[in-house]
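Engineer: sequence and predicted structure below; questions after.
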Amino acid sequence: MSLLALCLLLLVGCAALPPGKRSPRDPWERMNRATYRFNDTFDKAIARPVARGYRRVTPHLVQTGVSNFFDNLEYPVVMVNDLLQGQFVPFLSDTGRLLLNTTVGIGGLMDPATAAGLEKNDRDFGQTLGKWGARTGPYLVIPFLGPSDLRDAVGRVGDEYCNPRHYIRNSYVDYGLWLVRAIDTRARLLDAQSALDSAYDPYAFLRNVYLQHRDFKVNGGQSLDEEQQEQKLLEESGEDPQMDLRRYTPRSSSSSTSLIRASATRPAGRCV
């Protein structure tokens, strides 16, 4: 950790901010850009090649089974946040989804619940804190984990304690599952990488998409003011103001974090 901290300090010292108006939601931009560059370098050197190799050598059916397994294993996070947000009907549906996929779906390798009409939800503790009125706080890029804000950083810790994998005491099993999950997650994000790579300022583009997406998860639909803010965010990031940012913002539960985490090398990593 000391070596990582030293590298980040050196990057911060060398970081140069691009010209233009600073985002009020990103007061730590110099530090965040340094962390983003560190994450991006690690991703290009290690995480992305490993994910591409995994996708190339692993049959698509196996990839789907692995993704289904981890989605099912971590689904209690969604269910706990259902209750914390007072979403009792979705909680019952999500409970049925977990039971059906765990039994009929052979431990979650298959997804019969979707075919049965049980919708897959996407809730987390950061969203729950927002529902309770907690402010987002400054935007924050976390080493290896990618974009966040102070509220969501706290939420990651809460979600970790809701994740059944956290309570596995066998280190080989625990970290083995963590590694496979990280590779699977990064492989899922490969298709979204081109949108990020083609951005004039990938850092600003990713930040704006992340903040808009999290606002949508907490507040629901968009008001006219939010749409105007969206165009302003595009202009600040150097993108074409006529381009609709929403087409880069996943709304379905199956891909809700695809672009947001496209630059994060280990989005499913341990927080504590």
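Structural biologist: Noted; the coordinates are in hand. For clarity, every value in this text was computed on a predicted model and none was experimentally measured.

Engineer: where does the stretch 151-272 of the chain dip in pLDDT?
Structural biologist: In the predicted model of the stretch 151-272 of the chain, residues 221-272 satisfy pLDDT under 70.

Engineer: which strands and helices sit next to the helix or strand Leu61 falls within?
Structural biologist: For Leu61, the host element (DSSP states H and E) is helix 60-73. If you count contacts as 3 or more Cβ pairs under 8 Å, 6 or more residues apart in numbering; DSSP states H and E, helix 60-73 packs onto helix 88-103, helix 171-188. Any C-beta I mention is one placed from the backbone N, CA and C, and that applies to glycine too.

Engineer: tell me how far the nearest residue to Phe91 once chain neighbours are set aside lies from Asp122.
Structural biologist: In this structure, Phe91 finds its nearest non-sequential neighbour in Asp82, 3.8 Å apart by Cβ to Cβ, 6 or more residues apart in numbering. Remark: distance between Asp82 and Asp122 (Cβ to Cβ, to the nearest Å) = 11 Å.

Engineer: out of those two, which sits in the busier spot?
Structural biologist: Each of Asp82 and Asp122 has its neighbours counted (other Cβ atoms under 10 Å); Asp82 has more, 21 against 18.

Engineer: how many neighbours does Val157 have?
Structural biologist: A count of neighbours around Val157, defined by other Cβ under 10 Å, yields 12.

Engineer: just confirm it is within a strand.
Structural biologist: No. Val157 is assigned helix when assessed by DSSP: H, G, I helix; E, B strand; the rest coil, not a strand.

Engineer: thinking again about what came up before, mind putting the helices and strands packed on helix 60-73 into TSV with distance to Phe144 and mean neighbour count?
Structural biologist: Putting the helices and strands packed on helix 60-73 into TSV (distance: least, Cβ to Cβ, whole Å; neighbours: other Cβ atoms under 10 Å) gives the following:
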stretch	distance to Phe144	mean neighbour count
helix 88-103	28	17
helix 171-188	9	17
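
Engineer: looking at those helices, which is nearest to Leu129?
Structural biologist: Of all these, helix 88-103 sits nearest to Leu129, with 18.0 Å by Cβ to Cβ.

Engineer: and Met79, that's in a helix?
Structural biologist: Yes. With three-state DSSP as the criterion, Met79 is located in a helix.

Engineer: what is the neighbour count of it?
Structural biologist: By other Cβ under 10 Å, neighbour count at Met79 equals 21.

Engineer: now it: how far from Arg181?
Structural biologist: On the measure of Cβ to Cβ, Met79 and Arg181 end up 19 Å apart.

Engineer: isn't Pro164 right next to Val77, touching?
Structural biologist: No. Counting by Cβ atoms under 8 Å, Val77 is not a contact partner of Pro164; they are 9.0 Å apart.

Engineer: more neighbours, those two?
Structural biologist: Remark: of Pro164 and Val77, Val77 carries more neighbours, 20 against 11, as counted by other Cβ under 10 Å.

Engineer: all set now, cheers.
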